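S.K.: Everything below, folded, please.
(one chain, ligands or ions: 2)
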Amino acid sequence: MREKRESEIGGLLLSEDVIRERVRALGTEIGTAYSAGSFVLLGLLNGSLLFTADLLRELPPETEVVFWRVKSYRGTVSTGIPEGVEAEGGEFIGRTVLVVDDILDSGCTLSAVERRLRELGACAVDHCVLLSKQRPRLPGTPLPRWIGFEIPDRFVVGYGLDYNGRYRGLRSIRVLAEGEAIREG
Ligand code: IMP
Ligand code: MG
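M.R.: Ligands and ions are numbered 1, 2, ... in the order given. A predicted model of the protein is given here:
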């Protein structure tokens, strides 16, 4: 049983229906932009778990998917250093890679992932983020080719996004209630 109802976690930002419609539209656009089977999706765990899974189901059946595990947040604060990227590898020589992440914040994650993919021989790297926070980015941050939603610079949870490992399974995206971060942080 759910310990708390979704509505108790924080204010609703994006409902399940709104997210579903947008992911469908992104899938259609992405499926049209590349020829089937010509690119590989690279999902960044843990945050893009649900987004990548839902997007994949909107793409041609030939679409390959791989995952890297990258982490840069502790609580509601970015460490500015994505951990895990340098250790990740795979067969990317000459490939077109579409990086899928949950949210673009400072930009350090996408920059580090793109740098690593180039080292591994990827010939083209595009980025698709579900959310983009309206805030300044680090210099050199890649501009995502696809953005689901522009959102205010607030800490959000749900649909894969967590606060200290919690709330990833919410079907909607919510602004973390300030009391939650203060009580648990
Ligand atoms: P960046 O590297 O600063 O752009 O941050 C990107 C990563 O930080 C994302 O992949 C998320 O995992 C995490 N992140 C940034 N903002 C939030 C948020 O509001 N809620 C949950 N995770 C976040
Ligand atoms: Mg992440």
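S.K.: Is ligand 1 within reach of stretch 49-66?
M.R.: No: with Cβ under 6 Å from any ligand atom as the criterion, ligand 1 is not reached by stretch 49-66; the gap is at least 10.5 Å. C-beta: built from backbone N, CA, C; applies to glycine.
S.K.: OK, contacts around residue 177?
M.R.: Applying Cβ atoms under 8 Å, 6 or more residues apart in numbering to residue 177 gives the contacts 9-11.
S.K.: Quick one: name the residues of the protein near ligand 1.
M.R.: 44, 47, 72-73, 78, 82, 101-109, 155-157, 161-162.
S.K.: Can you tell me the element residue 102 falls in?
M.R.: strand 96-104 (DSSP states H and E).
S.K.: Let me fix that, I meant to ask about residue 114.
M.R.: Going by DSSP H and E, residue 114 is in helix 108-119.
S.K.: That helix: which residues count as buried?
M.R.: 108-114, 116-117 (16 or more other Cβ atoms under 10 Å).
S.K.: before we move on, the earlier item: from the contact counts, what lies against the strand holding residue 102?
M.R.: Applying 3 or more Cβ pairs under 8 Å, 6 or more residues apart in numbering; DSSP states H and E, one finds that strand 96-104 makes contact with strand 39-45, helix 49-56, helix 108-119, strand 124-133.
S.K.: before we move on, the earlier item: can you add pLDDT and give the buried residues of helix 108-119 back as a markdown table?
M.R.: Below are the buried residues of helix 108-119 laid out as a markdown table (pLDDT from 0 to 100):
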| residue | pLDDT |
| --- | --- |
| 108 | 93 |
| 109 | 95 |
| 110 | 97 |
| 111 | 96 |
| 112 | 95 |
| 113 | 97 |
| 114 | 97 |
| 116 | 96 |
| 117 | 97 |
